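Trainee: Take a look and give me a structure for this.
(chains A and B)
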There are 2 protein chains.
Amino acid sequence: RAHTLTVLFILTCALGYVTLLEETPQDTAYNTKRGIVASILVFLCFGVTQAKDGPFSRPHPAYWRFWLCVSVVYELFLIFILFQTVQDGRQFMKYIDPHLGVPLPERDYGGNCLIYDPGNGTDPFHNIWDKLDGFVPAHFFGWYLKTLMIRDWWMCMIISVMFEFLEYSLEHQLPNFSECWWDHWIMDVILCNGLGIYCGMKTLSWLSLKTYKWQGLWNIPTYKGKMKRIVFQFTPYSWVKFEWKPASSLRRWLAVCGIIFVFLLAELNTFYLKFVLWMPPEHYLVLLRLVFFVNVGGVAMREIYDFMDDPTFRRGRMPCPWCWTYWFGTCLQLTVSCDPQEAPCREGPLPFFLQAGTVCCVCCRDITLRYKEIRRQKQEHRHEQDKCLSNGDGHSALLDEPNGNKPRERKL
Amino acid sequence: RAHTLTVLFILTCALGYVTLLEETPQDTAYNTKRGIVASILVFLCFGVTQAKDGPFSRPHPAYWRFWLCVSVVYELFLIFILFQTVQDGRQFMKYIDPHLGVPLPERDYGGNCLIYDPGNGTDPFHNIWDKLDGFVPAHFFGWYLKTLMIRDWWMCMIISVMFEFLEYSLEHQLPNFSECWWDHWIMDVILCNGLGIYCGMKTLSWLSLKTYKWQGLWNIPTYKGKMKRIVFQFTPYSWVKFEWKPASSLRRWLAVCGIIFVFLLAELNTFYLKFVLWMPPEHYLVLLRLVFFVNVGGVAMREIYDFMDDPTFRRGRMPCPWCWTYWFGTCLQLTVSCDPQEAPCREGPLPFFLQAGTVCCVCCRDITLRYKEIRRQKQEHRHEQDKCLSNGDGHSALLDEPNGNKPRERKL
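Mentor: Here you go, the predicted model:
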């Protein structure tokens, strides 16, 4: 199924074509570029056929191996950039797209924060319309996908809220973090992110209730059935419902904290990298990077979850290539964007607001956690009592468990 | 055992050091070099911890994963070179070692071919002493290692003899292929290669008879035993005796032909690459390349053998990363060295001698094969009769099998 021989055959033919039939141009810069692109393509071919398989198998295991290899290439690129000066790094982007490498025009989201501006006679709500740009659907889709990755209402909301606190705290470093209060809390957290998370949770509950029966395409008699089967190839093979249970043990609590931390870091990196490397936000590379990060992050999250859930846990035995690249990529982005020579990191440490906000968030979270955990234990206790009363009817207890979870999630 | 977390931790620390404590130099060329070296190192770290395991596990699986990653890096380098002009490729070697990129002095091994030269009064055998240079031990060790890779007396001898035919046939392209007849047949084939193959076969029979009992180092009581255990860590975990049986089926016959072909190609590449890229034969990169090729080739050979021997053979399911890189690397070297603009490939096609020699070799080989196969079948038939006579004593038949093989190998 890996089509190793096919890929090798095609590559060998391509080599023969390049060598024998094509005249090598005399332009060294062009040849260098072509050589690097060809190296990357061959590496991807090698990786897609030979890399390790991950936990996901739909639409095809090769799809996930592809993203793993892309992440390796992306990281090697970041390392290369890391060793350049900031000026060289920015100019290097010109090799990828000649339009890059020019300073960004600044767009200030703050400024006039009146929702109803009586001074503007033609359209008093013009401030709101101004802020309704391409980032509204971007926020929505981003959070929809992130919810599919994290698969937990509560963790998504925590990350979404904490990120707004981070924006408040870092607006002295990155000017486009300064937004109006209603842009922060109403448009971002409640409308865009909240709606994305809600739709994500709906999809999750559909995926977890869907029946997973995979029969071969040729065994399906009707045309409609065949089409449905093709579409369903893009849905997961089976579904694992994440129950992070952060308050159940110290290890899980630390893991959830770590995940939230890395997630927030990855979010911030998006903005800092754009700022440092002079990437316009609407550039296709920015979007590609997000697509890639959602894919790799999704597998990494599943790997961490499996790892946490594995009772035969052993230190040092963690064959998680996606986690590896996700974490290392995040670190790399951080270090690239925090070059102490030029980057905004110079412009002062975190202000008091961030510290206070973080402490509040952590406290709130821990109180909620404790409360949830106590209630869960009580519920389980009650279930066990019910079970004992109904003479050990294990089936009803199993059915109650997921139903018992849902109202808890809605309430939060 | 993969020490993923340790490696990640060290890498993260290194990143922190590079970013925060080190001032980025302003020299773009130096930065570029450093960036590329760092990218390669990080790729190796990723690969050593996360690549697939192969069939070998001694001294450590990470050792073999390391060579797999090195082969990928080497191939990406070759691809890059492939897209350059020959002049640029040669000058590119200067980035690796500033002494490279200069034309090679030619050393002619032909010329005066008298074994006893009466014209030279002081030392009539000076022609022989002239030819006894560093390549004599190189030939010996090379064939010793190749015998360990192929594990078959007959295939090794075929390849060794055919390579001399190739040298005869290609001496109009590569001047250092032109040697005296006694250099070809006595010094190379009989003395160096023959002795190497003989020692290799001796080692093989020791390895196949050795008992493979792996107890932990701390359970061994004596000091001498501990030392022995540490040394034995560098011997294989268990030993598989290769029996290629090329005449038993068409698939096996084609596979053996393919292996011989690829081996000869890889041998030739060593010389052509040196010639095209102006590498002096005693340069450390040439030696490194051979070390690397022996490692990768060894695993690839085992992978092919396992694949051939696997009764559940299915087309397209060949997860053989080492084979992949070995074959692709060979192709790449061929294409790099056969750049039609400059390389010696221009200097005319293969002469009649090669065609005649190849036909002779193939015929000889096939006659030997047929003869061996018929004898083997007869022997097996006799064994079965013996077995029936001794009322199905399976044990003696099993013991006879390896003993029955040995005289056959010696006789050839």
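Trainee: Quick one: low-confidence residue ranges for the stretch 101-250 of chain A.
Mentor: A:106-111, A:211-218 (pLDDT under 70).
Trainee: Taking it, what residue is nearest to chain B?
Mentor: With CB to the nearest CB as the measure, A:Gly101 is the residue of the stretch 101-250 of chain A nearest to chain B, at 14.4 Å. Yep, even glycine has a C-beta here, placed from its N, CA and C like the rest.
Trainee: need the helices for the stretch 101-250 of chain A, in chain order.
Mentor: A:126-131, A:135-150, A:153-170, A:181-182, A:194-209, A:223-232, A:250-276 (DSSP state H, counting those that start in this stretch).
Trainee: per-residue pLDDT, the spatially most central residue of chain A?
Mentor: Residue closest to the average C-alpha location in chain A (CA atoms, centre = their mean): A:Val294, at 3.7 Å. You'll see A:Val294 listed with a pLDDT of 86.
Trainee: hmm, back to that, quick one: the helices of the stretch 101-250 of chain A as TSV, columns for distance to chain B and mean neighbour count too.
Mentor: Shown next, in TSV, are the helices of the stretch 101-250 of chain A (distance: least, CB to the nearest CB, whole Å; neighbours: other CB atoms under 10 Å in any protein chain shown):
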stretch	distance to chain B	mean neighbour count
helix A:126-131	35	14
helix A:135-150	21	19
helix A:153-170	18	20
helix A:181-182	34	14
helix A:194-209	29	16
helix A:223-232	22	12
helix A:250-276	12	17
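Trainee: Quick one: residues contacting the spatially closest residue to A:Phe263 that is not a sequence neighbour.
Mentor: Distances taken as CB to CB, 6 or more residues apart in numbering or on different chains put A:Ile159 closest to A:Phe263, at 5.3 Å, once the chain neighbours are dropped. Residues near A:Ile159 by CB atoms under 8 Å, 6 or more residues apart in numbering or on different chains: A:146, A:150, A:260, A:263-264, A:267.
Trainee: and the residue nearest to the centre of chain A, how far is that from A:Tyr237?
Mentor: Here the criterion is CB to CB, to the nearest Å. By it, A:Val294 lies 19 Å from A:Tyr237.
Trainee: same deal with A:Ile304?
Mentor: For A:Ile304, the distance to A:Tyr237 equals 19 Å [CB to CB].
Trainee: more neighbours, those two?
Mentor: More neighbours surround A:Ile304 than the other of A:Ile304 and A:Tyr237, with 23 against 13 (other CB atoms under 10 Å in any protein chain shown).
Trainee: quick one: contacts for that one?
Mentor: A:Ile304 touches A:255, A:259, A:320, A:323, counting by CB under 8 Å, 6+ apart.
Trainee: so what's the third one up against?
Mentor: Which is A:Cys320. A:300, A:303-304, A:307, B:4.
Trainee: Assess the claim that A:Val189 and A:Ile158 are in contact.
Mentor: No - A:Val189 is beyond contact range of A:Ile158, at 11.3 Å (criterion: CB atoms under 8 Å).
Trainee: quick one on the thing from earlier: please, which helix or strand holds the residue nearest to the centre of chain A?
Mentor: Using DSSP states H and E, A:Val294 falls within helix A:284-309.
Trainee: ok, and for the helix or strand just after that helix, which residues are buried?
Mentor: Downstream of helix A:284-309, the next assigned helix or strand under DSSP H and E is helix A:321-337. Residues A:321-337 are the ones in helix A:321-337 that count as buried (16 or more other CB atoms under 10 Å in any protein chain shown).
Trainee: what does stretch A:45-55 give?
Mentor: Neighbour-count burial for stretch A:45-55 flags A:45-52, A:54-55 (criterion: 16+ other CB under 10 Å).
Trainee: what's the angle between the helix or strand containing A:Leu15 and helix B:321-337?
Mentor: Taking DSSP H and E as the definition, one finds A:Leu15 inside helix A:4-16. With axes from the mean of the first three to the mean of the last three CA atoms, to 10 degrees defining the directions, helix A:4-16 sits at 10 degrees from helix B:321-337.
Trainee: elements contacting helix A:4-16?
Mentor: Judged by 3 or more CB pairs under 8 Å, 6 or more residues apart in numbering or on different chains; DSSP states H and E, helix A:4-16 is in contact with helix A:28-50, helix B:321-337.
Trainee: Those helices into JSON lines, with extra columns for mean pLDDT and distance to A:Phe163?
Mentor: Below are these laid out as JSON lines (pLDDT from 0 to 100; distance: least, CB to CB, whole Å):
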{"stretch": "helix A:28-50", "mean pLDDT": "87", "distance to A:Phe163": "32"}
{"stretch": "helix B:321-337", "mean pLDDT": "73", "distance to A:Phe163": "41"}
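Trainee: With distance to B:Val73 added, can I get those helices in TSV?
Mentor: Shown next, in TSV, are these (distance: least, CB to CB, whole Å):
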stretch	distance to B:Val73
helix A:28-50	9
helix B:321-337	10
